[in-house]
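Q: Here is a sequence with its predicted model. Questions after.
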Amino acid sequence: MNIKSQVNRQTFVRLALVGIIPLILFGLFLWAGGWLTPERLTSDKLVTVLQQSGGVHKGYRRNHAKGMCVLGKFISNGNASTLSRAILFGKGETAVTGRFAIAGGNPGAPDYAVPVRSMALSFQQSNGEQWRTGMNAMPFFPVSSVEGFYELQTATLPDAATGKPNPEKLSAFVMQHPEIKPFFAWAKQYIPSSSWASDRFNSLNAFRLIDKAGNEQLVRWSMVPHTGFAPISDADKQNTDFLQQDLVHRLEQGTLEWDLVFTLAQAGDKGNDSTKAWPADRKTINAGTLVLNKAIPQQQGPCNDINYDPLILPDGIAASDDPILNARSSAYAKSYNLRTHEQAQQAGENL
């Protein structure tokens, strides 16, 4: 190994050990849903490694345990109807039940301790079909394979003796998965916002829009906020629930809005590798506006019983060939079944 390569490797390891690990690990929690090859990994095994990091909190999601339900609507402008035959892209309104969350399995985690945040939405079409999507506030994914995800989870687990990740394990991981280097570079300069309202949430994975003639267009999408960005403040870092309190306060003053923007792939853009950002000059289409008007605590809210499985798609939207995306559903289902069973037990005990 030459000196430059050794220095680069040491730099990545040092960044991870001093603060990037939570960003990567919790960011990955967002996507901890069924990236499973049955003959090699199981949903039980993945849920177990998640619980080793976040702990077991019965009745809560194993991932993104801390969050808040929101209600609103999507107002389509009709622009995306030329690309997709899904009913919600025709001009009009569609009811939405959503959820904001921070990554990780601890429902008592301070908001400021987890820089990666998520937005999950369920669109209820008039014909009974639903579109569910889970997005997060980072531009691309750290690793490109199911195996890479699991290996990163295990490489970043705290050592029993020190309470910190083993730098040798992390160094070995970086050597085996160089695709993570752009994510490290982004994470190094990333500054969290002071509000969910000003975060841009990205699909990361690619999907296919299908029009009435059966033509397909590979896309990614983002929810682009109307609220201006403000960095996390010192006061925010003294308040364990500042994101939830900020959301409630803002919705008491009025609605919050995001534009649904599709980025259209061109020839050569990969749909099966979410570690690769598409070039910035790709054509985009503004499909309409998400308008949120109410926030509700999650355990009593309408989002509590929704499994935001990204493969619940209406006619007109289909999965890409991303192997990670196609595997997520199994662990989502495992986590959903665990928490709903626990909630039923807790309800019975309280009778």
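A: Yep, it's here.
Q: could you pull out the strands for the stretch 51-200 of the chain?
A: Ranges of strands within the stretch 51-200 of the chain are 66-76, 92-102, 117-124, 130-136, based on DSSP state E, counting those that start in this stretch.
Q: mind listing what the closest residue to residue 82 other than its chain neighbours touches?
A: Once its chain neighbours are removed from consideration, residue 82 has its nearest residue in residue 211; the separation is 6.7 Å (CB to CB, 6 or more residues apart in numbering). To be clear about C-beta, it is placed using only N, CA and C from the backbone, and glycine gets the same treatment. Shown here is residue 211, whose contacts under the criterion CB atoms under 8 Å, 6 or more residues apart in numbering are 82-85, 217, 316.
Q: Work out for me the element the closest residue to residue 83 other than its chain neighbours sits within.
A: Closest residue in space to residue 83, ignoring its immediate chain neighbours: residue 209 at 4.4 Å, by CB to CB, 6+ apart. Element membership for residue 209 (DSSP states H and E) is strand 207-210.
Q: Okay, now the sheet partners of that strand, with direction.
A: Counting by DSSP bridges, the strands paired with strand 207-210 are strand 216-225 (antiparallel), strand 317-319 (antiparallel).
Q: I'd like the next helix or strand past the first one.
A: Tracing the chain past strand 216-225, the next element assigned as helix or strand by DSSP H and E is helix 242-253.
Q: Contacts for that following helix, please.
A: Contacts with helix 242-253, where a contact means CB under 8 Å, 6+ apart, come from 68, 70, 100, 102, 111-112, 117, 194-197, 227, 235-236, 239, 256, 292-295.
Q: Can you go through those residues and name the buried ones?
A: Buried subset of those (neighbour count, 16 or more other CB atoms under 10 Å): 68, 70, 100, 102, 111-112, 117, 194-197, 236, 256, 292, 295.
Q: Per-residue pLDDT of residue 49, please?
A: The model reports residue 49 with a pLDDT of 55.
Q: how much space between residue 218 and residue 245?
A: The gap separating residue 218 from residue 245 is 39 Å, by CB to CB, to the nearest Å.
Q: meant to ask about residue 111, not that
A: Residue 111 sits 9 Å away from residue 245, going by CB to CB.
Q: Over to residue 151?
A: The separation that residue 151 has from residue 245, given CB to CB, amounts to 37 Å.
Q: more neighbours, those two?
A: With neighbours defined as other CB atoms under 10 Å, residue 151 and residue 245 compare such that residue 151 has more, 17 against 13.
Q: Could you count how many residues lie near residue 255?
A: The local packing of residue 255 (other CB under 10 Å) involves 15 other residues.
Q: Residue 292 is in contact with that one, correct?
A: Yes - in this structure residue 255 lies within contact range of residue 292 using CB atoms under 8 Å: 6.3 Å.
Q: so what sits against both of these two?
A: Once CB under 8 Å, 6+ apart is applied, the residues that residue 255 and residue 292 both contact turn out to be residue 72.
Q: ok so, going back, got a pLDDT number for the residue nearest to residue 83?
A: Checking the pLDDT column for residue 209, the value is 98.
Q: How many neighbouring residues does residue 214 have?
A: Using other CB under 10 Å as the criterion, residue 214 is surrounded by 7 other residues.
Q: Repeat that for residue 341.
A: Other residues lying near residue 341 total 12 when counted by other CB under 10 Å.
Q: Where does pLDDT dip in the stretch 201-350 of the chain?
A: Under the criterion pLDDT under 70, the flagged ranges of the stretch 201-350 of the chain are 326-339, 342, 348-350.
Q: show me the contacts for residue 297.
A: Listed by CB under 8 Å, 6+ apart, the contact partners of residue 297 are 68-69.
Q: Quick check: bridge partners of it?
A: According to DSSP bridges, the partner residues bridging residue 297 are residue 68.
Q: Buried by neighbour count: which residues of stretch 159-179 qualify?
A: With the criterion 16+ other CB under 10 Å, stretch 159-179 contains buried residues 165-166, 170-171, 173-174, 177, 179.
Q: looking at it, residue 302 is touching residue 97, isn't it?
A: Yes - using CB under 8 Å as the test, residue 302 is close enough to residue 97 to be in contact (5.1 Å).
Q: More neighbours: which of the two?
A: Set side by side, residue 302 and residue 97 show unequal neighbour counts under other CB under 10 Å, the larger going to residue 97 at 22 against 16.
Q: Across the sheet, point out what pairs with the nearest residue to residue 67 once chain neighbours are set aside.
A: The shortest distance from residue 67 to any residue other than its chain neighbours is 3.1 Å, reached at residue 101 (CB to CB, 6+ apart). Beta-bridge pairing of residue 101, defined through DSSP bridges, involves residue 67, residue 118.
Q: Nearest to residue 89 among the buried ones among the contacts of helix 242-253?
A: When the buried ones among the contacts of helix 242-253 are compared for distance to residue 89, the smallest value, 19.3 Å, is given by residue 292; criterion: CB to CB.
Q: Regarding that closest one, which helix or strand does it belong to?
A: Per DSSP H and E: residue 292 is located in strand 284-297.
Q: show me the contacts for residue 285.
A: The neighbourhood of residue 285, defined by CB under 8 Å, 6+ apart, consists of 79-80, 83, 261-262, 264.
Q: SS state for the nearest residue to it once chain neighbours are set aside?
A: Nearest residue to residue 285, sequence neighbours excluded (CB to CB, 6+ apart): residue 262, at 4.8 Å. In the three-state summary, residue 262 is assigned as strand, counting by DSSP: H, G, I helix; E, B strand; the rest coil.
Q: is it true that residue 262 touches residue 86?
A: No - here residue 262 does not reach residue 86: they are 11.9 Å apart, not a contact under CB under 8 Å.
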